[in-house]
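K.L.:
Let's see this in three dimensions:
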Amino acid sequence: MEAKELATKIATILDSKKATRVKVLKVQDLTVLADYFVIASGTSSTHVKSLADEAEFRLKEEGVAPIRTEGFNTQNWFILDYGHVIVHVFSPEARDYYDLDHLWADGEEVPMNFIEE
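P.N.:
Reported below is the predicted structural model:
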């Protein structure tokens, strides 16, 4: 699966589980870390964990597993690393504190027409 397709698929999964502020950023010209970041928020620590779990579960069903995961012991910020796509799922407070939206503001936002603002 190509990186952009994977990123938008993940965003769709997160949106279907009522994630808030879902954003896909193309960062391939800015960093060697990944080609795309998917950034989303949950409404509580339980919701944040369920979002990360759902994305991981649904992709594993299609044979796509993360290279690495982080945050399953903090429940404020989960990271799913799929190589060319890195997924960040935050609590609202952690998202505001770390402010990846501002830090990676030079990234190109991929239009997500299915997501209501």
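
K.L.:
Strands along this structure, start to end?
P.N.:
Along the chain, the stretches classed as strands by DSSP state E are 20-26, 36-41, 68-70, 77-81, 85-90, 108-109.

K.L.:
contacting residues for L51?
P.N.:
By CB atoms under 8 Å, 6 or more residues apart in numbering, the contact set of L51 is L14, K17, A19, A40, G42, F78, V89. The way it works is simple: take the backbone N, C-alpha and C, and place the C-beta from them, glycine included.

K.L.:
now with 10 Å?
P.N.:
Counting by CB atoms under 10 Å, 6 or more residues apart in numbering, L51 touches 13-15, 17-20, 22, 40-43, 78, 87, 89-90.

K.L.:
Against V32, how distant is it?
P.N.:
Distance of L51 to V32, given as CB to CB, to the nearest Å: 27 Å.

K.L.:
And for A11?
P.N.:
22 Å.

K.L.:
Pull the number of nearby residues for the nearest residue to A40 once chain neighbours are set aside.
P.N.:
Among residues not flanking A40 along the chain, A19 sits closest, at 4.1 Å (CB to CB, 6 or more residues apart in numbering). As a burial measure, A19 scores 26 neighbours (other CB atoms under 10 Å).

K.L.:
for A19, what are its contacts?
P.N.:
Taking CB under 10 Å, 6+ apart as the criterion, A19 is in contact with 11, 13, 38-43, 47-48, 50-52, 54-55, 89-90, 115.
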